[in-house]
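Novice: have a look at this prediction, sequence included:
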Amino acid sequence: MTQKNKTPLLIMISIVVVIALAAGAFGIFYTKNAIQTPPQQTATIGGGFQLLSPSGNVVSNGSFRGRWMLMYFGASRCLHDACSQTLDKIGKVTELLGQKATKFVPIFISFDSQYDTPERLMYYMKPFNNKIIALSGGELAIRDISILYHVPVKTVQATEKTKLIDPFDQFILMSPTGKYERSIPVSESAEAIAQTLNHIIQ
């Protein structure tokens, strides 16, 4: 091959090498930054979480495998005290389920990461059915579960220093294998919710 023919070939090889190096550098940059970003919202509802119980124990979604999870998202400082009313309703639903209640766990997740410490949640939950599992967590843990379960964190400024949580208007029902089953409007009566769950829980 003549020197004249070698020149274009060398140029092409150089271009390929530069492109490969640039792609590799981009891949490393993207991977490093992807680790630091929150999970991307997808059509799938559900996913792993680690939160704290009122006793300070770490609780994960895997802690409830084998049971149906009825998840409610709010806070102890709730708009119009709606969370207290809903927790009373959940307690009644649990009673109406009778024997099937052993296959079911109601979970109350506080979105007030600044105020609802495990100790405060323990005090807040005393009037309600003791089968309800209350969970809280730090800001990042709450952000992640909000994304994974498609539940927006909504706050209302009550006073200059106090924000109230506007609770989610749907219960999220997860299957014993951790898969999303359906959503149930919080506005439904305890009897209607229990009837729905009775048809689903086997």
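Specialist: Arrived safely.

Novice: how near is the residue nearest the centre of the chain to Y115?
Specialist: In the chain, the C-alpha nearest the mean C-alpha coordinate belongs to I145, at 2.4 Å (CA atoms, centre = their mean). Distance of I145 to Y115, computed by CB to CB, to the nearest Å: 17 Å. Yep, even glycine has a C-beta here, placed from its N, CA and C like the rest.

Novice: name the SS class of L135, please.
Specialist: Under DSSP: H, G, I helix; E, B strand; the rest coil, the three-state class of L135 is strand.

Novice: so for the residue nearest to L148 when sequence neighbours are not counted, what's the pLDDT?
Specialist: Spatial nearest neighbour of L148, chain neighbours left out: G47 (3.6 Å); criterion: CB to CB, 6 or more residues apart in numbering. pLDDT, G47: 95.

Novice: quick one, phi/psi of G47?
Specialist: The phi/psi pair for G47 (degrees, to the nearest 10) reads phi 150, psi 180.

Novice: what sits against it?
Specialist: Contacts were defined as CB atoms under 8 Å, 6 or more residues apart in numbering; by that measure G47 touches P39, N61, I145, L148, Y149.

Novice: likewise for A134?
Specialist: Residues near A134 by CB under 8 Å, 6+ apart: S53, P54, I107, F108, I109, S110, L121, M122, Y124, M125.

Novice: separation between it and C83?
Specialist: Between A134 and C83 the computed distance is 10 Å (CB to CB).

Novice: who touches both of those two?
Specialist: Both A134 and C83 are contacted by F108, under the criterion CB under 8 Å, 6+ apart.

Novice: still on that earlier bit, looking at the contacts of A134, which is nearest E181?
Specialist: Relative to E181, the closest of the contacts of A134 is I107; by CB to CB it sits at 13.9 Å.

Novice: just the helices from the protein, written as ranges.
Specialist: Counting by DSSP state H, the chain has helices at residues 3-35, 82-96, 118-125, 139-148, 190-200.
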